[in-house]
Each structure stands twice: as structure tokens, then as C-alpha cells.
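Visitor: sequence-free structure coming up:
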């Protein structure tokens, strides 16, 4: 297959490309660095000609509510329009477990808007919803730090290693379109505060982590567990075994 990976130079994109090429597929990175701008459409049609699948693992450079909504909706609309024109047979996008359950978050609202565009486009699709990556534990702690103290809720998450995300996304990419969701997560469930503690301990970071049910996570309270549903697919890498 020829697979165009939007955001192919990023953390997940680069790993997915390595996985796909090792299995004999032609995986091509498409990003501003390679002359493809999904916001303006520059280079997009040229990149998608002859592609069997488009995989979108791109992310907004700004997390401000208006910016992130514009990024995901404009980029996705442009991709889908060109896919219909060039005959792409499968659109795969990486999203977030629980995005539709936390409408107070501008970022997650944008991901839900992206999902809606994909579902209504008429292009066969698979939306892979992932839990938080192991690699993001410290970033979550940094975001939640106030006066040197990390405040996060004990709402449950089920983080996953990026290598496992890439492997599972690659599998979804070369499989038949689900025209639905494919949820993935790690094998262990943690409270968000506990996840941050583990991440900081790995770096010998002395910051104190406080469990606070009123603490917001990227603009929203966590009202329920952000874990895959009963049909979710769980990776095997445990956090303490991750390197």
C-alpha cells in the first residue's frame, strides 16, 4: 500500500512510518517540512495522488481554543476534500479516549469536531482513540504546576507507550476501514495524580503532587474514568517496564 502520513515527522508519525516500511508498505511523511501544508492545502493534492490510505497523526501548534479548533477542522476538511478527488480508500485519524465526554476542554471539543467531519465525509474511515502516552506524563505535570506544586485529580487514566500506539495505529491503517472507532490504551489504570508522580520520579523531579478533585485537566474537570471501553484493545507495555 501507499500510505501518506500527515504529521509524519512527529513522535507517533515517525514511529508509524518505520513500522509500515518494515512491513513492505510505501509510507510517506507529509508535513510543512516536506512541503505539505494541510491548513492552506499547499502540496496536499500532489502528496495524495496514488495513495491508498491517509493517516492523520498531526497536532495543532497552538492549544488556544480558537486556534486548535481552526487547525483540526480546516486541516481535516482539506484532507477529506482532496481524498475524495484523488480516490483515497481509507482515512485514519488518531484521536483521544474520552474526547466526547469532556466538552469543557477546547482541545477535546476540537478533536470531536474533527471526528464528526470524518464520520460525515463519505470517505471510509477508522478513528483510533488512544489514552495518554507515557511520554506525556511530565508535560501533564508541568501544565498542572502552580507555585511549584502539581495539582491533579485522581480521575483514572490508562496511559500507553508511544511505541505501542504506533504499532496499533499501523495495524489499523493497513486493515479494512471500520467506519467507526478503535480504542487503545495501556495495561494499567492509574489516577491522574499517580501518573504524574510516576513521571516525575523517573526524572528525580522533587515537585510535590497533590490529589485535588477540583483540579482541571487542560481546561476540564475529569468527571469519569478516561479509559478504553470494554471493546478496547490494550497494549502490553507496563509503565515501570518502559524505557
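Guide: Yep, that arrived. What you are looking at is a predicted structure, and each value in this text was computed from that prediction instead of being measured.

Visitor: A strand includes residue 182, no?
Guide: Yes - judged by DSSP: H, G, I helix; E, B strand; the rest coil, residue 182 forms part of a strand.

Visitor: For it, give the beta-bridge partners.
Guide: Following DSSP bridges, residue 182 is listed with bridge partners residue 128.

Visitor: Confirm that residue 199 sits in a helix.
Guide: Yes - looking at residue 199 with three-state DSSP, it is inside a helix.

Visitor: Tell me the spacing between it and residue 57.
Guide: 22 Å (CB to CB, to the nearest Å). From N, CA and C alone the C-beta is placed, and that goes for glycine too.

Visitor: Next: residue 12.
Guide: With distances taken as CB to CB, residue 12 is found 5 Å from residue 57.

Visitor: Residue 109 now?
Guide: Note on residue 109: its distance to residue 57, by CB to CB, is 19 Å.

Visitor: what about the two, which has more around it?
Guide: A direct count of neighbours by other CB atoms under 10 Å for residue 109 and residue 57 places residue 57 higher, at 24 against 20.

Visitor: My guess is the more buried one contacts residue 4. True?
Guide: No - the criterion here is CB atoms under 8 Å, and residue 57 misses it with residue 4 at 11.2 Å.

Visitor: buried residues in the helix of greatest length in the chain?
Guide: The longest helix of the chain (DSSP state H) is helix 65-86. Neighbour-count burial for helix 65-86 flags 68, 69, 71, 72, 75, 76, 78, 79, 80, 82, 83, 86 (criterion: 16 or more other CB atoms under 10 Å).

Visitor: Next secondary structure element downstream of it?
Guide: The helix or strand immediately downstream of helix 65-86 is strand 90-96, counting by DSSP states H and E.

Visitor: Give me the sheet partners of that following strand and which way each runs.
Guide: By DSSP bridges, strand 90-96 pairs with strand 53-56 (parallel), strand 125-130 (parallel).

Visitor: Can you give the contact residues for the first one?
Guide: Meaning strand 53-56. Residues from elsewhere that reach strand 53-56, judged by CB atoms under 8 Å, 6 or more residues apart in numbering: 1-7, 13, 16, 48, 75-76, 79, 83, 88-94, 169, 173-174.

Visitor: Please check those residues and keep the buried ones.
Guide: Buried, going by 16+ other CB under 10 Å: 3-7, 13, 16, 48, 75-76, 79, 83, 88, 90-94, 169, 173-174, out of the contacts of strand 53-56.

Visitor: low pLDDT regions in this structure?
Guide: Low-confidence regions of the chain, defined here as pLDDT under 70, do not occur.

Visitor: Cheers, nothing more for now.
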